[in-house]
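1. could you work out the structure for the sequence below:
(2 chains)
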Amino acid sequence: MQIVVDGLVKLFHIAERAPGTWGALRGLVRRRRREVRALDGVSFQIAAGELVGYIGPNGAGKSTTVKTLAGILVPSQGRVEVMGRVPWKQRIDHVRDIGVVFGQRTQLWWDLPVVESFELLRHIYRVGAADHARVRDELIPLLDLGRLLDVPVRQLSLGQRMRCDLAASLLHAPPILFLDEPTIGLDAAAKLAVRDFIKRLNRDRGVTVILTTHDLDDVEALCSRVMVIAGGRILTDGPLAALREQVAGERWLTVDVDDASAGEVADPDATVLRREGHRVCLAFDPRRVSPSALIARITARHPVRDLLVENPPIETVVARLYQE
Amino acid sequence: MSPTDARPYRALAATRFRALLQYRGAALGGLFTQTFFGLVRIMILAAFYRASAVVPPLPFEAAVAYVWLGQAVFLLFPWTVDPDIRMLVRSGNVAYELCRPLDLHTLWLVRTIAMRTAPVLLRLVPMMIIAFAVLPAVGLGEWRMPAPASAAAGALWLASFAGAVLLSSAMTVVIYAGLLWTVGGEGVPVLVGTLAVLAGGLIIPLPLFPDWAQPVLIALPFAGLLDLPARIYTGVLAPSGAAAALGHQLVWTGVLIVLGRWLLARQLHRIVVQGG
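-> Prediction:
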């Protein structure tokens, strides 16, 4: 196994103080510390060439896991091996074999043109000039970077920057890539470009990808395997289809009606989630009623102006999973 | 290609240096301000020298050179920190620096060397031209920068200037390790900076301090920033004594690097990155 995680626990200590002046004064004398278990016994294994989605709500422990795997966080307990190395102990050798992209921040140099950032990375990872040029010239058309190379990073749009960051993380040809919310804040076109690239990278070059995200569509488009984490524990780990059958078998239908009949929209095979003015949101199980039949019944009874069928948002899915 | 190969650090320092050389406006403004305050400080010194009942322990001409050298290496003093590194520490993003196959202490040290050298060189050269040539031309010859005491003194001063850059940078990285201690990130630099400016001779040349303070001031690392190079330049310290001064800088640089590495390793070990 390329990545082995066994019984990972990470405790954070958060200093707390009581509110108000009295609390502040008391805090001078005695600090209260609260313990937060960001990871509470996480275990999984990932083989070379897998593309794994890692999802969960805010504060679930996704980033903590990725940071531990990337060697920048030392866990409180547990065992981690990535390509036979313990990330935080053999950090420098370890980070040479991984690529990391954090969606919320860039690893490029803010005031340098993209191509100069690439050149610096070549020196940092001690890549030979010929190898660097070969990898770079392969990545440029794949990510459509041709026109961005001479632009200073601070002038790039978020989508352009993310494409450059992806290229930057791969210049040293790492066999493993960690992506922490790579599509956050991107518009639809940029999301598609990023997804398409990740898919090809995994399929054509066998790069192992671990993708954390809030976007269930990312997972659907890319991952054959999904791990769901909440409250510092892995709730499920398996193929996407299994997860969907287990919890996300539900679909949501949102209908906009033209008149005041919104209050009457209902169906025996669906439950009303909420009504807001002319809009009604219904939940249904596609195994019990086909979406087309349900839509046909509702449009026959009400003047429907617009409708949308979607997956429940990831938070709802995970919240439900957590309750079970 | 050994893992301790200097290539990445050299490339990073060169890039940073080139980037900083672009700040011409800041250099010009700094040049003007520091020339002005240099003149003010010389006038104050001149008044004290004239009014003094005893013969001051530092000849007036040497004091003038001391002031000009101090104004020129003003930004060499470890009282400013790299804003990027401060941001990294404040936001907790410092951990991301560890994603690179680099040693963090060395990385920050070369970054700081670039940060200290670029603006100082940008100002040192024009300031010396003003102090050497322009002042006598406008009738202020008494306050001009004197030439080095001898060719040997000039060469040794250059060596001690390089030593001062290393010393100041090693000191700054210790400050960065201190930044990791306090989340606010203000206290440590202000404390060390004030101490360095005072004990480094930037306000009053160290030879003019009381006799009882001399041994302490000379022994402290801050003396290596300006005082020792200035003494070498002016010939107050003979070339034969310069070896000891350079040794002082090197030993303190070594001590501060060891201290900085130890502190940084300790701080990084317990670092907490918020996230999840």
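
2. what about B:Val188, helix or strand, and which?
-> helix B:187-199 (DSSP states H and E).

3. I misspoke; the intended subject was A:Ala296.
-> A:Ala296 is part of helix A:291-301 when elements are defined by DSSP H and E.

4. is any residue of the helix holding B:Val188 near chain A?
-> No. Residues of helix B:187-199 are not located near chain A by C-beta under 8 Å from any C-beta of the partner chain, the shortest gap being 16.0 Å. In short, each C-beta sits where N, CA and C put it, glycine included.

5. show the subsequent helix or strand relative to that helix.
-> Following helix B:187-199 in sequence order, the next helix or strand is helix B:214-219 (DSSP H and E).

6. ok, residues contacting that following helix?
-> B:199, B:201, B:206-207, B:209, B:223, B:227 (C-beta atoms under 8 Å, 6 or more residues apart in numbering or on different chains).

7. from chain A, how far out is B:Ala6?
-> Shown here: B:Ala6 relative to chain A, a distance of 10 Å by C-beta to the nearest C-beta, to the nearest Å.

8. can you list phi and psi of that residue for me?
-> phi -80, psi 0 (degrees, to the nearest 10).

9. please apply the same query to A:Gly238.
-> According to degrees, to the nearest 10, A:Gly238 has phi 180, psi -170.

10. related to what we said a few turns ago, who wins on neighbours among the contacts of helix B:214-219?
-> When neighbours are taken as other C-beta atoms under 10 Å in any protein chain shown, the top entry among the contacts of helix B:214-219 is B:Asp227 (28 neighbours).

11. so where's chain B uncertain?
-> Within chain B, the ranges that satisfy pLDDT under 70 run B:1-4, B:92, B:182-185, B:270-276.

12. which residue would you name as the spatial centre of it?
-> B:Leu76 (2.8 Å; C-alpha atoms, centre = their mean).

13. which residues touch it?
-> B:116, B:120, B:164-165, B:168, B:225-226.

14. which outside residues touch the helix holding B:Val188?
-> B:77-81, B:171, B:174-175, B:178-179, B:181-182, B:202-203, B:206, B:217, B:220, B:222-223, B:225.

15. if you set the cut-off to 6 Å instead, what comes out?
-> Residues outside helix B:187-199 that contact it (C-beta atoms under 6 Å, 6 or more residues apart in numbering or on different chains) are B:77-79, B:81, B:175, B:178, B:217, B:220, B:222.

16. can you check stretch A:181-195 too?
-> Contacting residues not belonging to stretch A:181-195 are listed as A:101, A:103, A:158-159, A:212-213, A:215, A:218, A:221-222 [C-beta under 6 Å, 6+ apart].

17. avg pLDDT for stretch A:59-68?
-> For stretch A:59-68, mean pLDDT is 87.

18. what does stretch A:259-266 give?
-> For stretch A:259-266, the per-residue pLDDT averages 76.

19. tell me the residues of the stretch 151-300 of chain A that contact chain B?
-> Taking C-beta under 6 Å from any C-beta of the partner chain as the contact definition, the stretch 151-300 of chain A does not meet chain B anywhere.

20. quick one: the residue in the stretch 151-300 of chain A that chain B sits nearest to and B:Asp82, what's the gap?
-> Closest approach of the stretch 151-300 of chain A to chain B (C-beta to the nearest C-beta) occurs at A:Gly232, with a separation of 8.2 Å. Separation of A:Gly232 from B:Asp82 (C-beta to C-beta, to the nearest Å): 35 Å.

21. what comes up buried for the helix or strand where A:Asp204 lies?
-> Here A:Asp204, judged by DSSP H and E, is contained in helix A:188-205. Using 16 or more other C-beta atoms under 10 Å in any protein chain shown as the test for burial, helix A:188-205 gives A:190-191, A:193-195, A:197-198, A:201-202.

22. export these as TSV, with columns for distance to A:Glu81.
-> Below are these laid out as TSV (distance: C-beta to C-beta, whole Å):
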residue	distance to A:Glu81
A:Ala190	35
A:Lys191	33
A:Ala193	34
A:Val194	29
A:Arg195	29
A:Phe197	28
A:Ile198	24
A:Leu201	23
A:Asn202	21
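
23. columns pLDDT on top of the residues you listed, output as CSV?
-> Formatted as CSV, the buried residues of helix A:188-205 follow (pLDDT from 0 to 100):
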residue, pLDDT
A:Ala190, 85
A:Lys191, 87
A:Ala193, 87
A:Val194, 88
A:Arg195, 90
A:Phe197, 90
A:Ile198, 92
A:Leu201, 91
A:Asn202, 93
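
24. so for stretch B:180-193, first residue to last residue, what's the gap.
-> Stretch B:180-193 has an end-to-end distance of 17 Å (C-alpha to C-alpha, to the nearest Å).

25. likewise for stretch A:276-287?
-> By C-alpha to C-alpha, the extent of stretch A:276-287 from end to end equals 27 Å.

26. who touches that stretch?
-> Counting by C-beta under 6 Å, 6+ apart, A:249-257, A:262, A:265, A:269-274, A:294 sit against stretch A:276-287.

27. before we move on, what about stretch A:299-309?
-> A:251, A:253-259, A:261, A:265, A:291.

28. buried ones in that stretch, by neighbour count?
-> A:302, A:304.

29. endpoint to endpoint, it covers what distance?
-> Start-to-end, stretch A:299-309 (C-alpha to C-alpha) is 14 Å.

30. distance from it to the middle of the chain?
-> Centroid separation for stretch A:299-309 versus its chain: 33 Å, with C-alpha atoms, centre = their mean, to the nearest Å.

31. contacting residues around the residue of the stretch 151-300 of chain A closest to chain B?
-> A:37-40, A:61.

32. quick check: residues of the stretch 101-250 of chain B near chain A?
-> Checking the stretch 101-250 of chain B against chain A by C-beta under 6 Å from any C-beta, the hits are B:Pro101.

33. one more time with 10 Å
-> The stretch 101-250 of chain B comes close to chain A at residues B:101-104, B:107, B:183, as judged by C-beta under 10 Å from any C-beta of the partner chain.

34. helices along chain B, start to end?
-> All helices of chain B, identified by DSSP state H, fall at B:7-20, B:24-51, B:60-72, B:83-91, B:104-129, B:135-137, B:151-179, B:187-199, B:214-219, B:227-234, B:239-269.

35. leaving out sequence neighbours, find the closest residue to A:Thr271.
-> A:Ala283 (5.1 Å; C-beta to C-beta, 6 or more residues apart in numbering or on different chains).

36. and what of A:Gly146?
-> Spatially, and ignoring its direct neighbours in sequence, A:Gly146 is nearest to A:Ile140 (5.8 Å; C-beta to C-beta, 6+ apart).

37. returning to what we had before: and for the residue nearest to A:Thr271, the neighbour number?
-> Neighbours of A:Ala283 using other C-beta under 10 Å come to 14.

38. what sits up against stretch B:126-138?
-> B:27-28, B:30-32, B:34-35, B:38-39, B:42, B:64-65, B:67-69, B:71-74, B:120, B:140-147 (C-beta atoms under 10 Å, 6 or more residues apart in numbering or on different chains).
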